[in-house]
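Peer 1: A structural model of the following input is requested.
(4 chains, ligands or ions: 4)
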Amino acid sequence: MSSTRSNMWKAARRETARALTALVMALLVAFIIVLITSKSPVETFGTLLSGPMTSKRTIGLWIDDVAKLTMTGLAFSLVFQARQFSMGVQGQVYMGGLFSALVALSPIGPTAIGMPAAVLAGMAAGACYGFIPGYAKARLGANEIVSSLMLNYIAVNLVTYLVREPLVAAPGLLSTANFPPNTIFPTLIDRTRIDLGLILALISVAVTWFALYRTSWGLKLRLVGHNARFAEYAGIKANFIMVSAMTASGALGGLLGAMFVQGQAYGKLLVQFEGNLAFEGILIAIVARNRPLAVPVVALFYGYLRQGALIMGIRTDVPTEVIAVVQAIIILLVASSFKFGGGRLLARLKPAKPATATGAGA
Amino acid sequence: SAAEYTKDKPLKVALVLHGALGDKSFFDSAAAGMKLAEDKLPVKVKIIEAGYQKDRWEPALADAADGGYDVIIAGTFEMTSYVAKMAKDYSDKKFIIFDDAPDYKTGCCANVLGIQYLTSTAGYLAGYASAKVSKTGTVGEILGMEFKTVTDFAVGFDQGAKAAKPDVKILKATANTFSDPAKGKELALAQLGQGADVIFPIAGSTGIGALQAVRDAKKLAVGVDSDQATIFAPTDAAQADVIFTSVEKKVGQSLYTALEQTIAGKAPYGTALLLGLKEGAVGISKNKYYEKAVPADVRAEIDGLEKKIVAGEITVNTTMK
Amino acid sequence: MTALLEARGIAKTYPGGTVANNGVDLSIRAGEVHAVVGENGAGKSTLMKILFGIEQPDGGELLLDGKPVHFAGAKAAINAGIGMVFQHFSLVPSFSVYENVVMGSEPKAGLRFDRKRAIAEVRALSEKFRLPVDPLPSVASIPVGQQQRVEILKALYRDARILILDEPTAVLAPQEVEELFVAVRSLVAQGRTVIFIAHKLPEVLEISDSITVMRAGKTVAQVKARDVTEQSLANLMVGREVTLKVDRAVTDKSTVRLEVAGLSVNHENGTTACADIDLRLRTGEIVGLVGVEGNGQQEFMETIAGHRAALRGSAMLDGVDLLDLPVLKRRQAGLANIPQDRIAEGLAVGASLAENMAATRLSDGGFVRHGLLDRKAMKANAAALIDKFAIRAAGPDAAAGTLSGGNMQKVVVARELSEDPKVLLVSQPTRGVDLGATQFIWKTITEARDKGAAVLLSSADLSELMALSDRFLVFYHGEIVAALENDESVTPEALGAFMLGLERQTPEQIRAVSL
Amino acid sequence: MIDLLTAVFSFAFLVTVVRASTPLIFATLGGLVADLSGALNVALEGMMLIAALTAVVTSVYAPWYVAVLAAVLAGALFGAIIAFFHLKLKADIILAGFAINILASGGTVFALALATGGDKGTSINLASKSIPAIDLSFLANIPLVGPVLSGVLSGHSVLSWLAALTVVGLWFFLYHMPQGLWLRGVGEYPAATEAAGIPVNKVRVLALIASGALAGLAGAQLAMFNYVGFTRDMTSGRGFIALGAVLLGARHPVGAMLAALLFGVFEALSIVMPGLFSWIPAEMIVSIPFVVTILALFLFSYRAMRARAMRGG
Ligand SMILES: Nc1ncnc2c1ncn2[C@@H]1O[C@H](COP(=O)(O)OP(=O)(O)OP(=O)(O)O)[C@@H](O)[C@H]1O
Ligand SMILES: Nc1ncnc2c1ncn2[C@@H]1O[C@H](COP(=O)(O)OP(=O)(O)OP(=O)(O)O)[C@@H](O)[C@H]1O
Ligand SMILES: [Mg+2]
Ligand SMILES: [Mg+2]
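Peer 2: Ligands and ions are numbered 1, 2, ... in the order given. Take a look at the predicted model:
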């Protein structure tokens, strides 16, 4: 037993070392690009590295990003662990944001239960939206990648329409009225974006970990993920588990939606509020190897880099677009040290073949 | 006071764009105003492109507020609430929001200058001219998205077109995106197919696609925000040829004026300016293309209408009030 | 006369540290059938992969016709006239037989893949080497025995002088083995050389001229087949005495445990898998389902286990119709199942042993309370089973995928027997398993029987069936065509006649034994 | 309703459908080739964008067909880059694909600014060329069927014809050429092809390169015909729609084309409809293709399921 534990640590150290090596290489590439494009490269590069730490506010932005990246990373990890490749977190975020807004702006909003009610409404909406592709797959065998991608587009358009027409604060705007103050997440640190959302994200990490590794549902889910045929053989209702995993992941996505609109960043519902953050959860989940406890750690590093790059774009003469190039190269290099996830996705698209000993549980 | 700012010790200005330069209309116009200000006034400008991600806009604004600038400029209703919030936190700094204004009634924004444009007044003239030059009696509008600064162009355009020809047929399409030129082109082709021979795209890059469809069909188009014929003229004469006028929203000019007044200590911070034809902040381009496409008598009528609007004799509908 | 193909001092260590070959010598003469034998993991397949160029040796050398050669990949080996049929087939399932045969060396007409010629060539080849198989259907739709012929044809199509067959008989019925041997002899008669790997020593002795024995990555002996007996060969392989005798204890067979009546099942493509099956299974007995693979016995087992829907019929276990129940309820009713493919069906290789061993019981109070896992109980259970079944593993937390094949099989057997099932379904329990492990698994199954379990055994290995079964039910084209008590009068030949549909009993004769 | 019907059953509508579908067909075929080889190419979007810019910039200095070729090469280059990271450095293909998308969205704008001397939004400062349409209006002179023939066949981009040819060509390649067999084999069961002496990795690399080249054609059509010029993010999610179309089209070139055409029809409808039904919110019209895809997917899956159940599996 102790030997497996020490093996675990060895594996963790090896992976961390690999990721860090890649990171250093990536930063080197970033420096070269900065060297070419910036008039004061050292300063610019310094901004990339230290940007997020320059003030309480920027630290707040970073941590707020981490909370959100953690949520989307968790949502993807959960479905990936069940070997479902639903890409629907984005749609769930929009539906979650929408329903949390509907409750916050309803008569319930200003009451004492306004905030939790709005959060729960968001989670419920996200769960429903996660349920649809899951159910369609279980009952009809409809490919969840396609259906969830399409549902994303529909959710984005639906929210745009509702915000623009029926829910709009004043004609011609692209947002609803501000939510009642009591529905907005309180800040944890004054004058930063760090708010209740961070706590919700950390609770979600703990709950997801617990559900996956300490409940029978979680074990069933992982067994379905490891080998669905075996799960059926063992008497596990694989379809039920699959649908419930996608629904639970949807609830996480919906919660992220509520965190967006009820958080310090907005406090209202507006069009395209998610800014394509949801998809970055795929990167987080894959690098974290779908393990809930690793998700916030990866989010912390990735969020720092993301924030540093954005601040570099704002403060220096390196155009914002170059940052995308740096980000892309970093992802490529870090990815080159992780041989996981995609293979599973492919295996999923191909006729079932027994997997060999790939990544063990956390 | 005015004496404070010199070339060596300039007024430090940050322009925060919730997008990026290169849109050939709105942001570029604001940036042009900044360039003019740097040339002519004791002003040093930093343009910050915050990109298209909504949750980055407030941080970029805050970063500018933290960054030692005297005046911070941002545009459109999408930024207003952030500017209002920031104005409270940084009461020693000045803020200018163009194309929208905060709600001063809440008493929030003594250090914020709002600049709004009555584009409908210029839209009216363009609509009038379009209906007159249309041979088919059908004109088209292509909107990027339906929000008030966009629809304001359209309501004025509609009213003007109907004033010229009560039975004019107006086609309307919304692309739902400002960044899909292929889609804009398709929408314009569809409207051309339905008989429109003048098209007014109000849709950013999507609209640029629409202009191309008009160019290929050799019909007419109305440009938006800047004098788009002049922008196209050096590289694409055929394109410039069909843009017989543009509804100009002179963002750069009005920002220049606002900075000039700020230096002179005369800018009315704490209020909103609603600028239209009268103030010269909007207008239609009257260039050689205009003269070629619009008969002299119609041009005279339009000049007359312009005077009446300025004098308040014609009330133009608007979504801005 | 120099050897046609020679390996000298081959060494191979896999990344991860497994030393698979450690000084292997092999010398093959032209025109012989050369068997390579050894326990599971002795390094046979690895050696073959090196001969075929898809693994690179860390040391040693290969000589072909006395000249040193180096194969950078399969292509090089193929060009040198070596062909290989893998232990795990390498056929593309959705492709047709002829496509699989010619893939990589297709006949062309201009840019086109000349299908007509390919089909004709495959037909001709299959006649020439007496390997009958229809070139047109997809590989997924033909029985395993034929798939293997496709593999052999594939090698012959590339004009292999030396054909490597890695455990070709493990999946074949006796008649199919005979057919294979006919083909092998015809190959040798036409000047080809065959390297042959098998675990069943009688087969090895029957077909081969020379035998190389491997143990733990080394060559321990090379002998002439006529110089050895089964027993002496087994001793060489294992290094100790092995016996494969099973005691057939007298048990109480009075109670009917499982009563199947009128059971009919269809394949996915709508054709009949088995029709109107009636049988009774009593406590303390093993009933062997005999049949060439693809005659419905596997589908029958899967239906009882709950992985396939029945068209009609019933299967009563102590008065409850299993067919109405979901898998979990069937298990709770006392059914256990050792599936034919342990990795694909019987295990989650990425999960730990503790999890694998509890997987079938996640709804009873033993391991789960209020929806929460009792991890202590799960680990204790796994530790106990690891101990009891002598499973070689790091511990309950080790991932199942890190175990050797034989040990994986033990994990499945241990889990399925841990609850003292009333009815035990067993499919191909010793396929690809070496002597020692076979001995162990047989012992385990008979012990379960002695404790009162009713066992249904399906196996492609006739000697296994004959060693273990109390009764035989012979499946042919989805029907039971014969039912026999296992006594001295029953010979493999007699069973084979039924299996191939050459003979059948009357319904009365069948009912007398099957019920 | 009559308006809608006359609009839909017009030659102009057909031309619109073909024009809107052409980039999707290429992109879908690109996705298909990669998918069949066993790699999910999520970078179609980014490859199209890079190719679009390449086409526009090249066409300023060279004839249109050279520009199209350049776009194909650019797509192929990025196919090779993905192949390098995925197959050689063992990077996860999804991650690598997303990285290419990010690279494309920023890199094209940066490169555009370099090419135009500072413009980051559009290429209107560049005198870029268009792909010619093929005018077959002379067919109208044929008695009886002439007008219909000319209406149906005339006015499509050269690349639309190439797209049709590519579908047939790819079908021929996949099912009638040895190398097509290899490609499908590699995707379905690589071990089998390896044992048959087929260079598995080479096949995969070539498949990804071909996938990029096809995405390159999609980008060229988008930036040299549907709209002539480049604007930031002008692909607007078409690469992801193509990914869906691969699966919807049952992983067959003809199916892929039909799926792409389905999207094209609804894109064209969403163009035609606002003129006719101005009361329908724009967002709803834009959503039609997505709703239809989902319904089609559910329906097909349901029917496949029923068919399986009928056979009693
Ligand atoms: N594909 C593989 N990758 C890495 N290690 C493997 C692989 N297959 C097997 N091993 C390791 O090699 C060891 C030996 O495996 P092998 O199957 O040859 O065992 P064995 O000695 O034959 O045992 P048994 O008789 O139970 O089959 C195993 O313990 C396993 O950990
Ligand atoms: N790809 C691999 N990676 C790591 N270890 C491997 C690999 N393939 C085989 N091994 C290990 O190498 C050893 C020799 O395996 P090999 O397959 O050659 O045995 P074998 O004699 O063919 O056994 P069997 O009779 O079970 O087929 C085993 O311990 C096995 O687990
Ligand atoms: Mg073994
Ligand atoms: Mg072997």
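
Peer 1: So which residues on chain B come close to chain D?
Peer 2: B:20-24, B:28, B:140, B:145-146, B:171-177, B:179-187, B:189-191, B:193-194, B:205, B:208-209, B:212, B:231-232, B:234-236, B:239 (C-beta under 8 Å from any C-beta of the partner chain). For the C-beta atoms, the positions are set from N, CA and C on the backbone; glycine is no exception.

Peer 1: what about C:Arg330, how many neighbours?
Peer 2: By the criterion of other C-beta atoms under 10 Å in any protein chain shown, C:Arg330 has 23 neighbours.

Peer 1: Quick test: name the residue nearest the centre of the chain.
Peer 2: Defaulting to chain A. Chain A has A:Thr72 as the residue nearest its centroid, 1.4 Å off, counting by C-alpha atoms, centre = their mean.

Peer 1: I was after chain C.
Peer 2: For chain C, C:Arg431 is the residue whose C-alpha lies nearest the centre (C-alpha atoms, centre = their mean; 3.2 Å).

Peer 1: what about the helices in the stretch 1-150 of chain D?
Peer 2: If DSSP state H, counting those that start in this stretch is used as the criterion, the helices of the stretch 1-150 of chain D fall at D:2-8, D:11-36, D:44-61, D:64-83, D:93-116, D:146-153.

Peer 1: Name the residue of the stretch 201-321 of chain B that lies nearest to ligand 1.
Peer 2: At 53.5 Å from ligand 1, B:Ser205 is the closest residue in the stretch 201-321 of chain B, using C-beta to the nearest ligand atom.

Peer 1: which residues touch that residue?
Peer 2: Contacts for B:Ser205 (C-beta atoms under 8 Å, 6 or more residues apart in numbering or on different chains) come out as B:23, B:178-181, B:184, D:121-122, D:231-232, D:234.

Peer 1: wait, which of these is closest to ligand 4?
Peer 2: The closest of the contacts of B:Ser205 to ligand 4 turns out to be D:Met234 (C-beta to the ion; 55.5 Å).

Peer 1: Confirm for me that the closest one is in contact with B:Gly184.
Peer 2: No - using C-beta atoms under 8 Å as the test, D:Met234 is too far from B:Gly184 to be in contact (10.3 Å).

Peer 1: joint contacts of those two?
Peer 2: B:205, D:227.

Peer 1: show me what contacts the residue of the stretch 201-313 of chain D found nearest ligand 4?
Peer 2: Nearest residue of the stretch 201-313 of chain D to ligand 4, counting by C-beta to the ion: D:Asn201, 25.0 Å away. By C-beta under 8 Å, 6+ apart, D:Asn201 lies in contact with D:Leu87.

Peer 1: Give me the number of neighbouring residues for the closest residue to chain C within the stretch 101-250 of chain B.
Peer 2: Closest approach between the stretch 101-250 of chain B and chain C, counting by C-beta to the nearest C-beta: B:Ala182, at 35.6 Å. Neighbourhood size, B:Ala182 [other C-beta under 10 Å]: 27.

Peer 1: From ligand 1, how far out is it?
Peer 2: B:Ala182 is 50 Å from ligand 1, where distance means C-beta to the nearest ligand atom, to the nearest Å.

Peer 1: Pull the contacting residues for whichever residue of chain B sits closest to ligand 3.
Peer 2: Relative to ligand 3, the nearest point of chain B is B:Gln53 (54.2 Å; C-beta to the ion). Counting by C-beta under 8 Å, 6+ apart, B:Gln53 makes contact with A:275-276.

Peer 1: how near is C:Ile445 to chain A?
Peer 2: For C:Ile445, the distance to chain A equals 19 Å [C-beta to the nearest C-beta, to the nearest Å].
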